[in-house]
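Student: what's the 3D shape of this:
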Amino acid sequence: MNGIQNQRSSPLFSLGRVLATPGVLEALEQNDQTPATFLDRHICGDWGNVGQEDWQLNEHALQDGSRILSDYLTSKGIKIWIITEATDANGNRAATTLLLPDEY
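Tutor: Model (predicted):
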């Protein structure tokens, strides 16, 4: 978490429709992990391994409804991203997608 501790445990925003690419589903299956493990962290404000600038952008996005990006590693070190897209300035979210970075 780049030295930033996050103690929040309740959802901070709506995920909207949850989608996952075939690549990320395969990676999670190979690691015996589920999307829920990472979605729970994402929705509670644990943005994983994003840099400080992206961390701050995510925190700002909680207020203005813009895009939220999280970056995690599976138990075997495969990087996955979760992106929650903005819909409007009221914080409504259209969709959240789990994907591998090269699928972006």
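Student: Burial check on the nearest residue to Pro11 once chain neighbours are set aside, number of neighbours?
Tutor: Sequence neighbours aside, Ile43 is the residue nearest to Pro11 in space, at 4.6 Å (criterion: CB to CB, 6 or more residues apart in numbering). For the C-beta atoms, the positions are set from N, CA and C on the backbone; glycine is no exception. Neighbour count for Ile43, taken as other CB atoms under 10 Å: 20.
Student: State the phi and psi torsions of Ile43.
Tutor: With angles defined as degrees, to the nearest 10, Ile43 sits at phi -70, psi -20.
Student: contacting residues around it?
Tutor: Neighbour list for Ile43: 11-13, 15 [criterion: CB atoms under 8 Å, 6 or more residues apart in numbering].
Student: Tell me the spacing between it and Glu26.
Tutor: 23 Å (CB to CB, to the nearest Å).
Student: contacting residues for Gly16?
Tutor: Neighbours of Gly16 in contact, by CB under 8 Å, 6+ apart: 84-85, 87, 92-96.
Student: buried subset of these?
Tutor: The neighbour-count criterion (16 or more other CB atoms under 10 Å) marks 84, 93, 96 among the contacts of Gly16 as buried.
Student: So what are the sheet partners of the helix or strand hosting the last one and their directions?
Tutor: Under the criterion DSSP states H and E, the helix or strand holding Thr96 is strand 93-99. Next to strand 93-99 in the sheet, as set by DSSP bridges, lie strand 17-20 (parallel), strand 79-86 (antiparallel).
Student: after the helix ranked longest in the chain comes which helix or strand?
Tutor: Scanning the chain for the longest helix, with DSSP state H as the assignment, gives helix 52-64. Remark: after helix 52-64, the chain's next helix or strand is strand 68-73, criterion DSSP H and E.
Student: Report all helices and strands that that following strand contacts.
Tutor: Packing contacts for strand 68-73, counted by 3 or more CB pairs under 8 Å, 6 or more residues apart in numbering; DSSP states H and E, involve helix 35-43, helix 52-64, strand 79-86.
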